[in-house]
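1. Mind looking at a prediction? Sequence and model below.
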Amino acid sequence: MSAASWSIPAIPRAVPPARGGPPGEAFLVAARPRSGRCRAAPRRLRLGRAGGVVVARAGAAEVPVADSGEAAVVFSEKFPLRRCQTVEGKAWVRVDAEPDGDGKCRIVIGCDLEGKWVLHWGVSYDGETGREWDQPPVEIRPPGSVPIKDSAIETPLEISHSSEGRVLHEVEIKFDKDTPIAVINFVLKEEGTGAWFQHKGGDFRIPLSGSLENKDPSGAKHGICVYPGDKPEGSNAQPKETVPEDKGPNRKCISQFYGEYPILKSEYVENSVSVTVTENSETDKSRVKFDTDITGDVIIHWGVCKGNTMTWEIPPEPHPPKTKIFRQKALQTLLEQKTDGTGNAISFLLNADYSGLVFVLKLNEDTWLRNLENGFDFYIPLTRVDQIGSSQEPHKADEHKLDDKSSQTDGLISDIRNLVVGLSSRRGQRAKNKVLQEDILQEIERLAAEAYSIFRSPTIEIVEDSVYIDDPESVKPACSGTGSGFEILCQGFNWESHKSGKWYVELGYMPRDLYNLNCRYGTMEELKQLVNIFHQNGMKVLGDAVLNHRCAQFQNQNGVWNIFGGRINWDDRAVVADDPHFQGRGNKSSGDNFHAAPNIDHSQDFVRNDLKEWLCWMRKEVGYDGWRLDFVRGFWGGYVKDYMEASEPYFAVGEYWDSLSYTYGEMDYNQDAHRQRIVDWINATNGTAGAFDVTTKGILHMALERSEYWRLSDEKGKPPGVLGWWPSRAVTFIENHDTGSTQGHWRFPYGMEMQGYAYILTHPGTPAVFYDHIFSHLQQDIARLISVRRRLKIHCRSKIKILKAEQNLYVAEIDETVTMKIGSGHFEPSGPINWTVAVEGHDYKIWEASS
């Protein structure tokens, strides 16, 4: 098991959150919409009584509320802020092919950004295939090198100074001209932030053998590919090289080379914002004061709420100076610079009939700062705690609300179950009742969304005893496994994200001892720390659960590996009977067999009970919030329903992968049969898990590669993948570790990745972003698209209207707030709506409706 992919929670705000954290983290938070009823989640508020005085505990602050007085302090707290700023520098590689006085050639690798830089590197030898690393021989290791496992070493870069006085970091590697080393592989690591600087998510490679001269990842003839990002247009950092003479296949051909490459480093900056609320009983108003040490322009994006509704409202005028209304849903107020230049501040009055103020800070269009404590908006109480809610019989009122909520959701759940039963009973008439099925699915979607909104609507409870209002033991929400609909997934690994040999044999897709999470990646405690860090930053974490198959520890009497050890010590009854390789004594498989390992028989009660216990253990002990389910084609979706109901994930997605329909080598236009198989599997899980939309991946791939954008609309004018039939269960993607990365089984058309992301990040469904693309030159472009998705509140159930699907052009309108186009064809939106360009790039463009 590994934290292979991340599910990003819906954080209730009208705007994107802060861009903080390592590269890629900045844009991995989705926003819940504020359309009509704009909701904000209150900060954890603990209520109690201390000596007859009500105490409001919010974070670390405990402020007694006076019973009377001219300016009683209602709330005061200093919130920590963390933001990320990008610093641009350059890295360089120099190969000196001519031997020095000692007969040594040398390679110099360096960069000019501040930090504690380390070269993580290894070598490959002549005649080797693949990309496994070996540790370099001792004689070429620079001083201070430290072995890492058995396949790499780490060498610190030394500090020097340029002629202009700039600080440089360099390391020098010396080697013989006739060295058997074919390639030096490396990545740069900045130990202060833990950031890695790679080549499109992979390695930098310096070929030293003439036989590899034309085989670097970029296809460049100079034999080196150092690629932390695209070289900017107009850059004068052109490679300089001397092409050697052909000296025969067995002679070493080392070229003189020098190249410079831009690198971007993200750095954390720590700041704070203080908020104080005072209440004046004579004027019946509350004064709110903001004070932050952030310099430059700082905007508070805010609204107010009344009572227990937590619905965002815009207070009536007069508003504070330099305030503008944002889309009729919130206010944006520019803070005033302090006279001493140490930050910004503002103070203004609000009527006392408001119970709370909710805000986030905006620094620019891409940088929004949220509450680090819980990942939500900042919630500031404007009234004393004992004034919130009804003053008459509060407990009865709360009980009535809970009873009313339960009765509503019970009725909706009953309706949904009846519809599901009706849908299942018509499975045999599927071809004749396609329209009926679609209508039923849409009705289920509507009811589920209504039930979810009822259950999730926040309330504040007034209690005598000191308890947390969001105590999960007192209020346990229904868990559908499909999140809120505003998630964005990020796959957090590829096949080269770890360099300790074939880690995936020891851990990952060929699991053996399910409870042993200690591996070459690290210890279980380190994994728990990692998950906790993500949680602290408002992110959900999905574990990659392999339930279909398991590697055995022992052989049976015939020498076949089908006996398992560890805490789950099954015998061959746990293996399906129709797998010819492993002599199982279980029942026949309920799906397709995976022949590399024993396929598990999920029809056995003891198997299911053990797996449910293990999944619950992972949720509790590691802290996983949900699952990516590997190779679900291998077992019936009904078993997945059992596992999901037991482990109650926040989000779950299955990998149901099979071939699309082709005729004489050409992909068919109609892929209904393919997406129907995926929908059937989702339906078998009772909708408790979504599935990767392989249908959309394949059609989008073909449409872009061959300029056949007409493929992106089915016969009914809907999207042709799963997202056209069951969007809330469709997880769309353009690349993953199997299709791309170093395996490249089905690589997305090169140079068209942003068209693919422009499609999935503006359409319904839950989009997934791939590791290789996050840590590449595409990062900023992807970040802009995700910012648009969050800002315009696109979600998995958004309504889509396809406007054009032609040879070289595809255009769609989403939720009447977004228009997008991909392809080389020209298009500009028109009509009664005023459209402004939000994002554009090569062969893609996104417009948003302007107010």
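-> Yep, it's here.

2. Bridged to the closest residue to Glu114 other than its chain neighbours, which residues?
-> Nearest non-adjacent residue to Glu114, counting by Cβ to Cβ, 6 or more residues apart in numbering: Val167, 6.6 Å away. To be clear about C-beta, it is placed using only N, CA and C from the backbone, and glycine gets the same treatment. Beta bridges link Val167 to His161 when assigned by DSSP bridges.

3. do Cys305 as well
-> Beta-bridge partners for Cys305, by DSSP bridges, are Gly356.

4. isn't it right up against Thr311?
-> Yes - if you go by Cβ atoms under 8 Å, Cys305 and Thr311 touch, sitting 5.8 Å apart.

5. neighbour count winner among those two?
-> Legend: neighbour count by other Cβ atoms under 10 Å for Cys305 and Thr311, higher for Cys305 (21 against 17).

6. follow-up on the earlier one: pull the number of nearby residues for the residue nearest to Glu114.
-> Applying other Cβ under 10 Å, we find 12 residues neighbouring Val167.

7. That one contacts Leu113, correct?
-> No - between Val167 and Leu113 there is no contact under Cβ under 8 Å: 9.0 Å.

8. what mean pLDDT does stretch 624-634 have?
-> Looking at stretch 624-634 alone, the average pLDDT works out to 92.

9. CA atoms of it as CSV?
-> Coordinates of each C-alpha in stretch 624-634 appear next as CSV, following Å, rounded to 0.1, in the frame of the first residue of the first chain:
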residue,chain,number,x,y,z
TYR,A,624,-6.6,7.2,4.7
ASP,A,625,-9.8,9.0,3.6
GLY,A,626,-10.7,6.6,0.8
TRP,A,627,-9.5,4.3,-1.9
ARG,A,628,-8.3,3.8,-5.4
LEU,A,629,-9.3,0.3,-6.1
ASP,A,630,-6.9,-1.6,-8.4
PHE,A,631,-8.1,-4.0,-11.1
VAL,A,632,-11.7,-4.1,-10.1
ARG,A,633,-12.5,-6.0,-13.3
GLY,A,634,-11.3,-9.1,-11.4
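
10. quick one on the thing from earlier: in contact with the residue nearest to Glu114, which residues?
-> 112, 114, 159-161 (Cβ atoms under 8 Å, 6 or more residues apart in numbering).

11. do the same with Arg287
-> Per Cβ under 8 Å, 6+ apart, neighbours of Arg287: 71, 277-280, 347-350.

12. Can you tell me how far the residue positioned nearest the centre of the chain is from Met539?
-> The chain has Cys490 as the residue nearest its centroid, 3.0 Å off, counting by Cα atoms, centre = their mean. Using Cβ to Cβ, to the nearest Å, Cys490 is found at 9 Å from Met539.

13. so where's the stretch 151-300 of the chain uncertain?
-> Residue ranges of the stretch 151-300 of the chain with pLDDT under 70: 193-194, 199-202, 209-255.

14. all strands for it, in order.
-> Counting by DSSP state E, counting those that start in this stretch, one finds strands in the stretch 151-300 of the chain at the ranges 152-156, 158-161, 167-176, 181-190, 195-197, 204-207, 240-242, 256-280, 285-292, 299-305.

15. now the helices for the chain?
-> Ranges of helices in the chain, per DSSP state H, are 394-425, 434-456, 503-506, 524-536, 605-617, 637-647, 672-684, 694-705, 753-760, 771-774, 779-791.

16. Which one of the ones you listed has the poorest average confidence?
-> Of all the helices of the chain, helix 503-506 carries the lowest average pLDDT, namely a mean of 39.

17. CA atoms only for stretch 551-570, dumped as PDB, please.
-> Output of stretch 551-570 as PDB, limited to C-alpha atoms (Å, rounded to 0.1, in the frame of the first residue of the first chain):
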ATOM      1  CA  CYS A 551       1.300 -12.800  -3.500                       C
ATOM      2  CA  ALA A 552       1.700 -15.900  -1.400                       C
ATOM      3  CA  GLN A 553       4.500 -16.500   1.200                       C
ATOM      4  CA  PHE A 554       4.500 -20.300   1.100                       C
ATOM      5  CA  GLN A 555       4.200 -23.200  -1.400                       C
ATOM      6  CA  ASN A 556       1.700 -26.000  -1.100                       C
ATOM      7  CA  GLN A 557       2.600 -29.700  -1.400                       C
ATOM      8  CA  ASN A 558       2.800 -29.400  -5.100                       C
ATOM      9  CA  GLY A 559       5.300 -26.500  -5.000                       C
ATOM     10  CA  VAL A 560       2.600 -23.900  -6.000                       C
ATOM     11  CA  TRP A 561       2.700 -20.500  -4.200                       C
ATOM     12  CA  ASN A 562      -0.800 -20.300  -2.800                       C
ATOM     13  CA  ILE A 563      -0.400 -20.300   1.000                       C
ATOM     14  CA  PHE A 564      -0.400 -16.900   2.700                       C
ATOM     15  CA  GLY A 565       1.300 -15.700   5.900                       C
ATOM     16  CA  GLY A 566       1.300 -12.700   8.100                       C
ATOM     17  CA  ARG A 567      -1.700 -11.500  10.100                       C
ATOM     18  CA  ILE A 568      -4.100 -12.700   7.300                       C
ATOM     19  CA  ASN A 569      -2.800 -16.300   7.000                       C
ATOM     20  CA  TRP A 570      -5.200 -17.800   4.400                       C
END
